[in-house]
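Provided below for reference: sequence and predicted model.
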There are 2 protein chains.
Amino acid sequence: MSTTALPTQSSDFPAWYGEVVRRAGLAENSAVRGAMVIKPYGYAIWEAIQRELDDRIKATGHENFYFPLFVPGSVLAREGELVEGFAPEVAVVTQAGGKKLEEPLAVRPTSEALIWSTYARWVESYRDLPLLYNQWANVVRWELRPRLFLRTSEFLWQEGHTAHETEAEAVAETLTILHDVYADTIENVLAIPVLRGRKSESERFPGAVDTYTLEALMRDGKALQAATSHYLGQGFARTFDVRYTGRDGSERYPYATSWGASTRLVGGVVMAHGDDRGLRLPPRVAPQQVVIVPIFRDDDRADVLQTAAGVAAELRAARVRVRVDDRGDYRPGFKFNEWELKGAPVRIEIGSRDLAAGAVTVARRDSGEKRQIALPRVSAAVEELLDDIQRSLYREALHEQKRRTLHAPRGYEEMVEYLRDAAGFVEAPWCGRRECEIRVKEDSSGTIRCLPLDEEPTRRGTCVCCGRAAVAFPVWAQAY
Amino acid sequence: MSTTALPTQSSDFPAWYGEVVRRAGLAENSAVRGAMVIKPYGYAIWEAIQRELDDRIKATGHENFYFPLFVPGSVLAREGELVEGFAPEVAVVTQAGGKKLEEPLAVRPTSEALIWSTYARWVESYRDLPLLYNQWANVVRWELRPRLFLRTSEFLWQEGHTAHETEAEAVAETLTILHDVYADTIENVLAIPVLRGRKSESERFPGAVDTYTLEALMRDGKALQAATSHYLGQGFARTFDVRYTGRDGSERYPYATSWGASTRLVGGVVMAHGDDRGLRLPPRVAPQQVVIVPIFRDDDRADVLQTAAGVAAELRAARVRVRVDDRGDYRPGFKFNEWELKGAPVRIEIGSRDLAAGAVTVARRDSGEKRQIALPRVSAAVEELLDDIQRSLYREALHEQKRRTLHAPRGYEEMVEYLRDAAGFVEAPWCGRRECEIRVKEDSSGTIRCLPLDEEPTRRGTCVCCGRAAVAFPVWAQAY
């Protein structure tokens, strides 16, 4: 581990991010440009996110399956919007088994085309619907400006692909995923507050009728699109000729949804909670929720280690993820710094003064607060503390999001300046025309992150950009 | 679901296998030759296997990470044996992001090369060892004769990659994985007995000093290599220049292992336990351990369904995976056949006569045995039954393996005939020379599956093929 100080968030946020990701052992670049190695500590965070998402995906009635990595060029080409959207990012296999392939194979950038070409065989009657399926997979989208976790040429994700009898059912599915799977995981597990909204047409998924999104604010004032859920209408069904016999005997096309969340969320956890000392992990995704650092001299070594082992065993019995850092080659101060960098929510120090007091010293990573806790109360106190840290991180991030949201800027100049400085979210009325979106982007690098779902339909205003009557009150920001 | 009868195992095992995999909804072919779609029911079995393997991989001290899908041609080319072994099967990406790539990228057939080229950055001192890592990933090996699950151009697996200070430690690791991770999962969860052994030189993993294997007998008398664990010596460390400073201050090369188990195991479950009516799933990997089929007339519909729901709730509380098949469009007889095909270990029928008796009818899939059980005893009885089915399937497979193993054939002709008929395993003395292996293969299609680990070192004999003094008593068979 490097011993020089981290760059500060305020001086150089991108450098801070890169160094934290690298030094905390989350990920590193690989020999393939834009593709990262997810290191064990980073992968453990992803596994926690995966498990939480997967539980909710199954609890809402979905099953997992697995489709091939390769999509024949001819299958991908059938869906015009999808091809157009992804063509610049696709990697292509042209040789295999020692020969040139007759038909090149795309490495999946997303799997709608292959899956819907297969659903044609799976759906005959309304009895076969709905199809409620998901897969965990790697996808490849060539990145010109890669950043670890946030934009990588290969990433890991889940992609849900469902088919329904009615539009209402498909739209309801899209929103169930947005709220009960994604927002619930991101807010209650990752402790990141999100805005729930629809995308404007220009930011929609290629082929979607509507894209729903969750937008989170990072500590540099930029937005991160945390997960998306798409209502796809009947387009894919028509393209791939998926038809079924309806309840009335007529032939119909099912309605589709697709939805995804990816390893990008690990980057979100870093940027939503981290501080100048490193990561601050929400307990529910922390690989180690508690790290015990024994501090001993030769004469009390055995006592200290025995107490540490006892506390660890007790915490493990309470299903707390705990590690005793008894590495002999490093001093306690070095370990404190390392676990602060790695964002372990709670540190327990056990030294001779603690032993004498029949207690341990407990430090929380989020606030830095430290106090002594009597041994018999450690387990209960740590469980409370972990709950409190989980809630505090969320509250702090929510406070930050609210503090950095500019409602109703006084004019175009104020909005553009706010966005240009990446000062946070701006909520401002909009006429609904693409021209105004483009002008704001050109003037400020800010884009419409979403049209919030909870917007009051009766609200009136004039477009912040052109002065025409507003049709919506989007939230704008610079985005990752 | 097709209503025509399955082919029988004895008349056409490959046709039986293909039909069971297809009709039970485990997998199907995709638009990409040799790559399969793993359907929800098949994927649920894989998820159960994955969870069991992952628990054991972690319990033995390993962490998961994730390396990129693509391996630069130049990195792969550095390891001569590996390249030579896999070149004919590699898929190559030559275009990405709309451009021809300067350096083609191989789609990983296995990840030793990329991982060891990275370990060079991770290892400096003996303090950094051992590295005990694993990844869950897809790999691509172009297949000319693909078969669902058994040989597919893309498959899912885990691959472990470890580095150690000493040869003894690395060999011990290889065997820990073989016994405590793989054999434990395959025998106790998949209920498939395995032979534990080493591969002969010709069947070793490219670059390995020793390949350890688990070999299982399928119901057609052929062997399935169920998992392998490789001791790689210092070859990869030398090739990729991975060096560390040892405890004595000198520069050293670490010792490597790698090990993998794949979706092929799902095919193993089908072929080790299935019968002419379809799958017989061991309870520990069955997506539904119990299926409840309510049988009602209009007048007792509510009572029957209520009883079914009550039994299901009670079983779920006991952590039994249960499904009430209350589909209105299908008759009970159709459902019985379908769940037999799908191999659900226990079926519970609830009809009016059961209701009258305050009982349910319980049928076990493995033996077909059926009996009535009083309602208050259902939960306890089902738990016992599931345990018993798990054990019975293992016992039956072990009995079959023993019955079909020919010890000490009377001569070369008997051995060759036995192997040619795929009658099972043959244990026969061997001189250790490649020529004899080749001759047996040419005469019978049989190969050395392994040199059993439990062989008595003092045993004497003469090679079944050439009559020279035997150096080992391998087990031979035709293999998948």
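Okay, I see it. Numbering: from 1, shown residues only, chains lettered A, B, ... in the order given.

Skipping its backbone neighbours, what lies nearest A:Glu455 in space?
Excluding the flanking residues, the one nearest A:Glu455 by CB to CB, 6 or more residues apart in numbering or on different chains is A:Phe473, at 5.6 Å. Glycine gets a C-beta too; all of them are placed from N, C-alpha and C.

was I right about A:Ile389 contacting A:Pro345?
Yes. Counting by CB atoms under 8 Å, A:Ile389 does reach A:Pro345; the two are 4.8 Å apart.

Give me the more crowded residue out of those two.
Counted by other CB atoms under 10 Å in any protein chain shown, A:Ile389 and A:Pro345 do not tie: A:Pro345 has more neighbours, with 28 against 24.

about what we covered before: overlap in contacts, A:Ile389 and A:Pro345.
With contacts taken as CB atoms under 8 Å, 6 or more residues apart in numbering or on different chains, the residues that reach both A:Ile389 and A:Pro345 are A:Pro282, A:Pro283, A:Arg364, A:Arg365, A:Asp366.

close enough to count as contact, the third one and A:Gly343?
No. Taking CB under 8 Å as the definition, A:Arg364 is not a contact partner of A:Gly343, at 11.5 Å.

roughly how far apart are A:Leu101 and A:Glu89?
Remark: distance between A:Leu101 and A:Glu89 (CB to CB, to the nearest Å) = 20 Å.

An error on my part: the question was meant for A:Arg204.
17 Å.

surely A:Arg365 meets A:Arg280?
Yes. Counting by CB under 8 Å, A:Arg280 is a contact partner of A:Arg365 at 5.5 Å.

quick one: contacts for the closest residue to A:Asn29 other than its chain neighbours?
With sequence-adjacent residues excluded and distances taken as CB to CB, 6+ apart, A:Asn29 is closest to A:Met36, at 6.1 Å. Shown in contact with A:Met36 (CB under 8 Å, 6+ apart): A:Ala27, A:Glu28, A:Asn29, A:Ser30, A:Pro146, A:Leu148, A:Phe149, A:Thr152, A:Glu154, B:Pro68.

10 Å instead?
The contact partners of A:Met36, by CB atoms under 10 Å, 6 or more residues apart in numbering or on different chains, come to A:21, A:26-30, A:42, A:146-149, A:152-155, A:263, B:66-68.

which phi and psi does it have?
When read as degrees, to the nearest 10, the backbone of A:Met36 gives phi -110, psi 160.

Can you read off the pLDDT for it?
Per-residue pLDDT puts A:Met36 at 97.

Same check on A:Glu455?
pLDDT, A:Glu455: 77.

Any buried residues in the helix with the most length in chain A, and which?
Scanning chain A for the helix with the most residues, using DSSP state H, yields helix A:378-403. Of the residues in helix A:378-403, A:378-379, A:381-383, A:385-386, A:389-390, A:392-394, A:396-398, A:400-401 count as buried by neighbour count, 16 or more other CB atoms under 10 Å in any protein chain shown.

One more: stretch A:83-97?
A:Val83, A:Gly85, A:Phe86, A:Glu89, A:Val90, A:Ala91, A:Val92, A:Val93, A:Thr94, A:Gln95, A:Ala96, A:Gly97.

so where do the strands sit in the stretch 351-480 of chain A?
Under the criterion DSSP state E, counting those that start in this stretch, the stretch 351-480 of chain A contains strands at A:359-364, A:370-374, A:405-407, A:425-427, A:447-452, A:475-477.

Counting by contacts, list what the last one packs against.
Okay, so that is strand A:475-477. For strand A:475-477, the elements it packs on are strand A:195-198, strand A:210-217, strand A:223-233, strand A:405-407, helix A:412-420, strand A:425-427, helix A:434-444, strand A:447-452, judged by 3 or more CB pairs under 10 Å, 6 or more residues apart in numbering or on different chains; DSSP states H and E.
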